[in-house]
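Asks: Kindly generate the corresponding structure for this input.
(chains A and B)
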Amino acid sequence: MNAFVQHFTYEFKTGLRNPSLLLINYLFPLGFYAMMGLIMTAINPLFTASMVPALVIFAIVASTVLGMPSPLVEAREAGVFRSYKINSVPATSILAIPGLTTAFHALISAAIIALTAPILFDGDTPVHVGAFVGVTLLTAFTCASLGLLISVISESSRATILWSQLIFLPSMLIGGLMVPMDVLPDRVRSFSALLPASHAMELFSGWAYGRETTFNLPASAAILVSSGVLAFLLSIYLFNWDTRNQSRRGHPVLALLVVVPYAIGALLLL
Amino acid sequence: MRETVLQVTDFRKTYGDLVAVDNVGFAVGRGEIFGLLGPNGAGKTTILECLEGIRRPDSGTMDILGIDPARETGKLRNLVGVQLQSSGLPATMTVREAMRFFCAYHDVAPRYDLIERLGLAEKQEAQYEKLSTGQQRRLALALAMAHRPPVIFLDEPTAGLDVGSRSELHTLMRELQKEGTTLIMATHDMAEAEKMTDRVAILLRGQIVATGSPAELTATGDGYTKVSVRSEHSVLSDNGTSFPAVRQRVVNEEYVIYYSVDPGPTVASILRYLDEKKDRLIDLRVERPSLEERFLELTNSGGAA
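Replies: Below you'll find the model as predicted:
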């Protein structure tokens, strides 16, 4: 327990000490929130309806998918994981604790957005607060697991950028964050069903705000849960202590299994 | 006979087509300081990494206090302390945090005394990336010793350390040895190996070519003692002079150097000759062959010497 506390405390502080992580955990999402609150609400007043969940998802995806993988890969390249290994730090802790602390930072940003948007920018408050919190936690878990998987399969920190952007950019464009899901063309909507942000946005709309949705909500929740669990388990399975040590338990291409729940959802359930 | 705490038998490790280590075997006793010497790529780090449970041997057996490092890594962690050659700690972790962090995983109280002992007291709140190379290595060493393991592996322990820190480290190693800790060190520094180790194994191209105490190793090989003489009128520079037990003579600037198999008669004869020639002795040095010379002899001959 003491080891967990020490590790969690250290990793949490790192999110504030490391300038890159501070930027991606707080300055980037909160700056974007302020900009969207000032500009987007003036251009499109309807944005206030989806502003809170959209920017909460943005903060979570930015911290977990965009920000977390690169420092983990750099740590592996610098031999930090080797030091951890010889000092009894288990692989599960090496992955789970940064995942937890990053999600924690994202949740702080999310809380700031959720609490201030209704006051500062007239953003809609959720009707069901419990559901809002639940969907926020589920989104943070799924995205943190995906971020961990990206860090495990990336050969270098440059490769993480590619994988992260493969999730981040489409999430912004067709994940329902900026453009409502129901105005997207059918083909684009099917493609957006491959993104965790789309399912999260639908869950917020349906369960937290009581609005009409396009996706089947229990299916979306099941997809987020199963992909989060699958991504975390695959991260543990494919984890490599050392860039120089080429022996690993499975080929990184196995990571694509994480797409399966989304693909099944897109084909059968939606 | 010391109790054996570490035993390696018929160890082999390959990386693809490259045979890194082959047919290596040695045993280390409790409280012994054992050195692994060899040029770059000889296989020292591979042996250490397999003993540390970081890599798995292809064949052969390894045993540390009854534990197989490849299979029982969980049990191994509290039995061994490791200072890696390239040990990385998180860039933003402070010295004090590192001690707290790793001691928590070993389930022992933090050893802040080691931070002071290794000259890092003023750097306790400094982040790892702000430490000098020497300070980073000293921290890695403090962490390796923190949980008081019975066996400690040191990979190039004094690389990057200044003279004072080296001396402090050597004192610390002796104290650990007195307490019964077994130390296995890989090093390029022959003077350090000669001074600190009880026994060494010299590795060449993945195989042990010589093993024994530094004294035993230097006594084998050509075994010549170097006698260097400088006199006022340089009468020894004359090619015609010869002395008993001398196998080779070299003139090096103002010194005449004799390689002798029996330095006693050689030195006595030289002094007598100088006296006869009314020449005055300015400097006389008698040096046993060093471990470094023996090492070079072995590496130059491909291990056949």
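Asks: B:I282 looks like it's in a strand, true?
Replies: Yes: judged by DSSP: H, G, I helix; E, B strand; the rest coil, B:I282 forms part of a strand.
Asks: Would you check how far apart it and B:E254 are?
Replies: 8 Å (Cβ to Cβ, to the nearest Å). (Glycine included, C-beta is placed from N, CA and C.)
Asks: any residues in contact with both of those two?
Replies: Counting by Cβ atoms under 8 Å, 6 or more residues apart in numbering or on different chains, the contacts common to B:I282 and B:E254 are B:R230.
Asks: Can you give the distance of stretch B:170-179 from its chain's centre?
Replies: 15 Å (Cα atoms, centre = their mean, to the nearest Å).
Asks: Could you give me the buried positions within that stretch?
Replies: B:L172, B:M173, B:L176, B:Q177 (16 or more other Cβ atoms under 10 Å in any protein chain shown).
Asks: How about stretch B:238-248?
Replies: B:T241, B:F243, B:A245, B:V246.
Asks: Please report phi then psi for the third one.
Replies: Going back to what we said before, that points to B:A245. phi 70, psi 0 (degrees, to the nearest 10).
Asks: Could I get the full set of helices for the chain?
Replies: Because you didn't say which chain, this covers chain A. A:2-17, A:19-22, A:28-35, A:41-43, A:47-61, A:69-77, A:80-86, A:91-120, A:129-153, A:157-174, A:186-192, A:196-203, A:217-238, A:260-264 (DSSP state H).
Asks: Chain B, not that one
Replies: In chain B, the helices defined using DSSP H lie at B:44-51, B:73-77, B:95-106, B:112-117, B:133-145, B:163-178, B:190-196, B:214-219, B:263-276, B:291-300.
Asks: Turn those helices into a markdown table, columns for distance to chain A and mean pLDDT.
Replies: Output for the helices of chain B, formatted as a markdown table (distance: least, Cβ to the nearest Cβ, whole Å; pLDDT from 0 to 100):
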| stretch | distance to chain A | mean pLDDT |
| --- | --- | --- |
| helix B:44-51 | 9 | 90 |
| helix B:73-77 | 4 | 84 |
| helix B:95-106 | 4 | 94 |
| helix B:112-117 | 14 | 90 |
| helix B:133-145 | 7 | 87 |
| helix B:163-178 | 18 | 86 |
| helix B:190-196 | 22 | 86 |
| helix B:214-219 | 28 | 79 |
| helix B:263-276 | 47 | 91 |
| helix B:291-300 | 26 | 75 |
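Asks: Deepest-packed of the ones you listed, please.
Replies: Neighbour counts averaged per stretch over those are highest for helix B:44-51, at a mean of 25; criterion: mean count of other Cβ atoms under 10 Å in any protein chain shown.
Asks: Can you give me the neighbour number for B:D279?
Replies: By other Cβ atoms under 10 Å in any protein chain shown, 16 other residues sit near B:D279.
Asks: what's around the residue of the stretch 51-200 of chain A found nearest chain B, how many residues?
Replies: Using Cβ to the nearest Cβ, the single residue of the stretch 51-200 of chain A nearest to chain B is A:G79, 3.4 Å away. Counted with other Cβ under 10 Å, the neighbours of A:G79 add up to 20.
Asks: cool, and A:S63?
Replies: A:S63 has 31 nearby residues by other Cβ under 10 Å.
Asks: per-residue pLDDT, the closest residue to it other than its chain neighbours?
Replies: Nearest non-adjacent residue to A:S63, counting by Cβ to Cβ, 6 or more residues apart in numbering or on different chains: A:A106, 3.8 Å away. Looking at A:A106, its pLDDT reads 96.
Asks: Tell me who's in contact with B:K178.
Replies: B:G31.
Asks: can you give me the end-to-end distance of stretch B:285-294?
Replies: Stretch B:285-294 has its terminal residues 19 Å apart, counting by Cα to Cα, to the nearest Å.
Asks: just so I know, which of the helices of chain B lies nearest B:R230?
Replies: Ranking the helices of chain B by proximity to B:R230 (Cβ to Cβ) places helix B:263-276 first, at 10.6 Å.
Asks: how far is the closest one from where the chain is centred?
Replies: With Cα atoms, centre = their mean, you get 36 Å for helix B:263-276.
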